[in-house]
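Asker: any chance you could fold what I've pasted below:
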Amino acid sequence: HDALPTWQSKSPKTWTFSPRVTGILPSLLDGDCFIRSNSQFPNIGILFELGITYVRNLTGHQGELSCGWAFLSLFDVNGIAVPNRTYEVAIHGGTPYEKDIEVDPTFSRRASLLGQLVMARKQPKLLVKLMSPASNLRNTLNLLPETLVGPKCYIHLLGFYRQLLADVLLKDRINLQNADLISNPVLATFSDLLEQPDIVDGLRSMWFERERLLKRSEKRDKEFMKQEFVNVYYNSAYPLLYSVTLPDNKWANDHVEISRWKYIAEFLQKTREKGSSLYSLLSPENIHQAFDISETTYDLLGTRRKMTIND
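Answerer: Numbering: from 1, shown residues only. Coordinates of the predicted model:
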């Protein structure tokens, strides 16, 4: 799981998450995440790795630089879960496989003991707040895989995906031993969607708008809600996934990110005006990849089937 921090010019040494914005907060800027695990090991915890991307002025070369790491244990020495509160976690230098390495080694080489104590307070720290999910959110989390980490804002989308998957595998198949290919564009493309956070944000935006217009009785109807989610998916995420006009996603490239955001925003606005995304599929202004059967076909066996074919 990745999260991008922001900084203020008044305090450039402080990284903050989940900034206040108008509208929906982009998922990459959302510092609220969920962690789901059924592990019984007492040494389980959360590993945070901090880093920055840089661009060389002369060559334009882009790279990544580690800024340290931190670890927050989720259980105490007696194997009891740590309480929910805000923790101040020290950031270490080197890699998680190395111990007792400072982020700035010059701090530990000071001759004066007082100087070491003073400078130790200036060592970088990470503030992490542990919370229990609300009851309605816990019900959705129970639909997800036993081990999963992701943005909190993805939970309801993942919940719909898992419900649709359960319906297809448990209700719609002729028998549970049937492993034929399944015609379902949502299941076939959802994993690819999660690799493009800005398109996910477009789906979140469209679903948020649609959900606001629904009646309470409609929201209580699970079958109706699942069908509405599928309709919103077809009118937002699905066409964007195979658009040639949309620039390829490149991590930490501001120019590409802005271009993608602009294209996605314009696409969603036209979809609102037209009432569906059908115009996009028929318009000569929008170019899409050549159709492939994998766009609409969910393979239950997945990698195992590919390995068998290769052998």
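Asker: the lengthiest helix in the chain packs against which elements?
Answerer: Assignment by DSSP state H gives helix 254-274 as the longest helix of the chain. Secondary-structure packing of helix 254-274 (3 or more C-beta pairs under 8 Å, 6 or more residues apart in numbering; DSSP states H and E): helix 197-212, helix 237-241, helix 278-282. Every residue, glycine included, has its C-beta placed from N, CA and C.
Asker: switch the cut-off to 6 Å
Answerer: helix 197-212 (3 or more C-beta pairs under 6 Å, 6 or more residues apart in numbering; DSSP states H and E).
Asker: contacts for the next helix or strand after the helix it packs on, please.
Answerer: As assigned by DSSP states H and E, the chain's next helix or strand after helix 197-212 is helix 216-220. Applying C-beta atoms under 6 Å, 6 or more residues apart in numbering, the external contacts of helix 216-220 come out as residue 224.
Asker: so which bits of helix 216-220 are buried?
Answerer: Of all the residues in helix 216-220, not one is buried under the rule 16 or more other C-beta atoms under 10 Å.
Asker: contacts for the helix or strand following it next, please.
Answerer: Proceeding N to C from helix 216-220, the next assigned helix or strand is helix 222-234, under DSSP H and E. With C-beta under 6 Å, 6+ apart as the test, helix 222-234 has contacts from 160, 163, 186, 206-207, 210, 218.
Asker: same question for stretch 196-206.
Answerer: 24, 26-28, 232, 236-237, 240, 249, 260, 264, 268.
Asker: now do the end-to-end distance for stretch 74-85.
Answerer: Stretch 74-85 has an end-to-end distance of 12 Å (C-alpha to C-alpha, to the nearest Å).
Asker: mind starting the numbering at 131 from now?
Answerer: In the new numbering, first residue 131, that becomes stretch 204-215.
Asker: how about the strands in the chain?
Answerer: Taking DSSP state E as the test, the strands found in the chain are 136-138, 141-146, 163-166, 175-185, 192-203, 216-220, 255-259, 278-281, 312-313, 427-428.
Asker: for the second one, the distance to its chain's centre please.
Answerer: This means strand 141-146. 23 Å (C-alpha atoms, centre = their mean, to the nearest Å).
Asker: got it, and the fifth one?
Answerer: A distance of 18 Å separates the C-alpha centroid of strand 192-203 from that of its chain, computed with C-alpha atoms, centre = their mean.
Asker: what of stretch 272-290?
Answerer: From the chain centre to the centre of stretch 272-290 is a distance of 10 Å (C-alpha atoms, centre = their mean).
Asker: stretch 158-174 now?
Answerer: Centre-to-centre, stretch 158-174 and its host chain are 13 Å apart (C-alpha atoms, centre = their mean).
Asker: show the average pLDDT along it.
Answerer: Averaged over stretch 158-174, pLDDT sits at 89.
Asker: any idea how far residue 297 lies from residue 425?
Answerer: Distance, residue 297 to residue 425, by C-beta to C-beta, to the nearest Å: 20 Å.
Asker: also residue 404?
Answerer: Separation of residue 404 from residue 425 (C-beta to C-beta) stands at 22 Å.
Asker: got it, and residue 308?
Answerer: Distance, residue 308 to residue 425, using C-beta to C-beta: 22 Å.
Asker: neighbour count for those two, which is higher?
Answerer: The neighbour comparison of residue 308 against residue 425 (other C-beta atoms under 10 Å) goes to residue 425, with 15 against 10.
Asker: okay, now the closest residue to residue 430 other than its chain neighbours: neighbour count?
Answerer: Nearest non-adjacent residue to residue 430, counting by C-beta to C-beta, 6 or more residues apart in numbering: residue 309, 5.3 Å away. Neighbourhood size, residue 309 [other C-beta under 10 Å]: 12.
Asker: how far away is residue 309 from residue 431?
Answerer: With C-beta to C-beta as the criterion, residue 309 and residue 431 are 6 Å apart.
Asker: and residue 140, by the same measure?
Answerer: Residue 140 is 55 Å from residue 431, where distance means C-beta to C-beta.
Asker: counting neighbours, what do you get for the closest residue to residue 395 other than its chain neighbours?
Answerer: Spatial nearest neighbour of residue 395, excluding adjacent residues (C-beta to C-beta, 6+ apart): residue 332 at 8.0 Å. Residues contacting residue 332 under the criterion other C-beta under 10 Å number 24.
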